[in-house]
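A.B. asks: here is my input; please provide its structure:
(chains A and B)
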2 protein chains.
Amino acid sequence: MTVLVFLDPALENGRIADATKPQLMATDLGATRGDGIFESLLAVDGVPRKVQAHLDRLASSARIMDLDIPPSDAWERAIATAVAEHAPAEELVLKLLVTRGVEGAERPTAWVQASLPGSLGRDQRQEGLDVLLLDRGYDSNIAERAPWLLLGAKTLSYAVNMAALRYAKANGADDVIFTSTDGLVLEGPTSTVLMATVRDGVRTLTTPLLENGILPGTSQGALFNAAADAGWQLGYGPLEPHHLLAADAVWLVSSIRLLAPVKSIDGRAIPVSHEMTEELTALLAKGSRE
Amino acid sequence: MTVLVFLDPALENGRIADATKPQLMATDLGATRGDGIFESLLAVDGVPRKVQAHLDRLASSARIMDLDIPPSDAWERAIATAVAEHAPAEELVLKLLVTRGVEGAERPTAWVQASLPGSLGRDQRQEGLDVLLLDRGYDSNIAERAPWLLLGAKTLSYAVNMAALRYAKANGADDVIFTSTDGLVLEGPTSTVLMATVRDGVRTLTTPLLENGILPGTSQGALFNAAADAGWQLGYGPLEPHHLLAADAVWLVSSIRLLAPVKSIDGRAIPVSHEMTEELTALLAKGSRE
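C.D. replies: Purely as a prediction, here's the structure:
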């Protein structure tokens, strides 16, 4: 079952649309140019997680894309409509999408989609990920030099991210960590990279520097807040692949799959810590409820 | 008036659809991930130009994207249906689009769109273009090193191309020529770069090397064939910006706008040759009919 709610200035709570029928114009610039932005978030027992963080990032993507999108309260009401309209579920995937609209119309097309999560995310959380390092083709300073490359915006132009995942699967792996041409660890195609190190009893969680042209991770942000309260030290890159290989644990974290342990990088096994995964998963849930 | 013809295995000549109504599913991966490919071509007096070159490039994009698309003859019949369904027009824009299909369906969504061209292309052909050089963020060797970056495929993930054009317009220019991080001239966001030099009576047309990760231009190909027959020498890069600034004329060429003269690069005026533009426009038309 998939629920669609289109944001509509004429309808305060959004317009519920039949997801089994076509709802997009073939001339929508989202479909013909990937010209739009999106967010994916999880609702647990009917309660959407990290709504403000996702709406903040959506607004930030819109600024980078020079896209005029509906205000936060319209999104919140459409999300509520979508959750209410969907059959009750322990976990629900909510997608927020906005395109530049139908060619010539100069009005964005915006909608919320609610659907059940697939089983892959759960499997990968439990079994862990074999990951390949793939070159993203950009150096780590490009974002500030070249704003037209839209680094830091979560756009609908995800063909490269999808191609990287297909490449990983065709080569016996499950996921990807992108690196910059100057050798820094960036992010996954649909996730943020995290690593833990334990030295002399001090536990540190580290993630790559945002300045290197990666997407700010809403899950990483929520987890860092909760982990700091629980006594973890926090660190921010620059990270290189050798740091990941020497870590006590590495994860890819995202809003739907949550914390998925990395068990190998380019075929080299790395340590997996079930204890830390369990603790940090609980902290992520805690941080995501706040 | 816009005509839509969806490719459908059950209907030999395609399925005509009402372009004033939604025709795409909201869960189509073209709309949610920019996960698809496209071509734009011109029909003149009802005759589509360079059909085989566009179908060849569509097939090449599909291979790079690992996308299973309908065979050429199905496209040709759908194109014929779209042209026949549209009101007669001197010029008609034909778009061929294929997405990876509706999420979970594993069947591509493929359609042809026929519509009238806007007036911008004609204006720019006549008045010429002020162009900015913008860094594409990639070095010129990345394409072979990193096939997952999909260089050389014409994907629906065009957000960066659109952002580059917006950046140009916001900065008083009309269009963009992308450069590589190692300083080579690449291509426009929706066009191929061409330059002409006349030395000791020898006229040479030069375009950047394909190996540098750019899209093979169908118009450039058609023009080169016709120009060679007409006595032009042909050259292939590597080109650097100083080559463009020292040329006797520079154009951006594409299937709809055709040959648009560049009149300035980063604010520096460059020569515009009406004679060469006229001659090469006629050669492009000749090459495109073959």
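A.B. asks: let me see the domain layout of chain A.
C.D. replies: According to automatic domain parsing, chain A comprises the domains A:2-117, A:121-289.
A.B. asks: quick check: next helix or strand after the one helix or strand residue A:242 maps to?
C.D. replies: Residue A:242 belongs to helix A:241-245 when assigned by DSSP states H and E. Using DSSP H and E, the helix or strand that follows helix A:241-245 in sequence is strand A:249-254.
A.B. asks: show me what that following strand pairs with in its sheet, parallel or antiparallel.
C.D. replies: strand A:192-199 (antiparallel), strand A:258-265 (antiparallel) (DSSP bridges).
A.B. asks: return the most buried member of those.
C.D. replies: Most buried of the strands paired with strand A:249-254, by mean neighbour count (mean count of other C-beta atoms under 10 Å in any protein chain shown): strand A:258-265, with a mean of 22. (C-beta placed from N, C-alpha, C; glycine too.)
A.B. asks: now that one: mean pLDDT?
C.D. replies: For strand A:258-265, mean pLDDT is 98.
A.B. asks: what residues does the next helix or strand after it touch?
C.D. replies: For strand A:258-265, the following helix or strand on the C-terminal side (DSSP H and E) is strand A:268-269. Applying C-beta atoms under 8 Å, 6 or more residues apart in numbering or on different chains, the external contacts of strand A:268-269 come out as A:245, A:263.
A.B. asks: who touches the helix or strand following strand A:268-269?
C.D. replies: Sequence-wise, the next helix or strand downstream of strand A:268-269 (DSSP H and E) is helix A:274-289. The contact list for helix A:274-289, computed with C-beta under 8 Å, 6+ apart, reads A:42, A:44, A:47, A:49-50, A:125, A:196, A:203, A:205, A:219, A:221-227, A:230, A:248-249, A:251, A:253, A:258-259, A:261.
A.B. asks: residue of chain A nearest chain B, please.
C.D. replies: Among all residues of chain A, residue A:34 sits closest to chain B, at 2.6 Å; criterion: C-beta to the nearest C-beta.
A.B. asks: before we move on, back to that, would you turn the strands paired with strand A:249-254 into TSV with distance to residue B:159?
C.D. replies: Formatted as TSV, the strands paired with strand A:249-254 follow (distance: least, C-beta to C-beta, whole Å):
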stretch	distance to residue B:159
strand A:192-199	21
strand A:258-265	27
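A.B. asks: of all those strands, which lies closest to residue A:168?
C.D. replies: strand A:258-265 (11.6 Å; C-beta to C-beta).
A.B. asks: could you see whether chain B lies near the helix or strand of chain A with the lowest mean pLDDT?
C.D. replies: Least confident helix or strand, chain A: helix A:142-145 with a mean of 91, by mean pLDDT, DSSP states H and E. Yes - shown here: helix A:142-145 in contact with chain B (C-beta under 8 Å from any C-beta of the partner chain) through A:142, A:145.
A.B. asks: now do that helix: distance to the chain's middle.
C.D. replies: Offset of helix A:142-145 from its chain centre (C-alpha atoms, centre = their mean, to the nearest Å): 21 Å.
A.B. asks: quick one: contacts of that helix?
C.D. replies: Contacts for helix A:142-145 (C-beta under 8 Å, 6+ apart): A:149, A:151-152, A:211-213, B:135, B:137, B:181.
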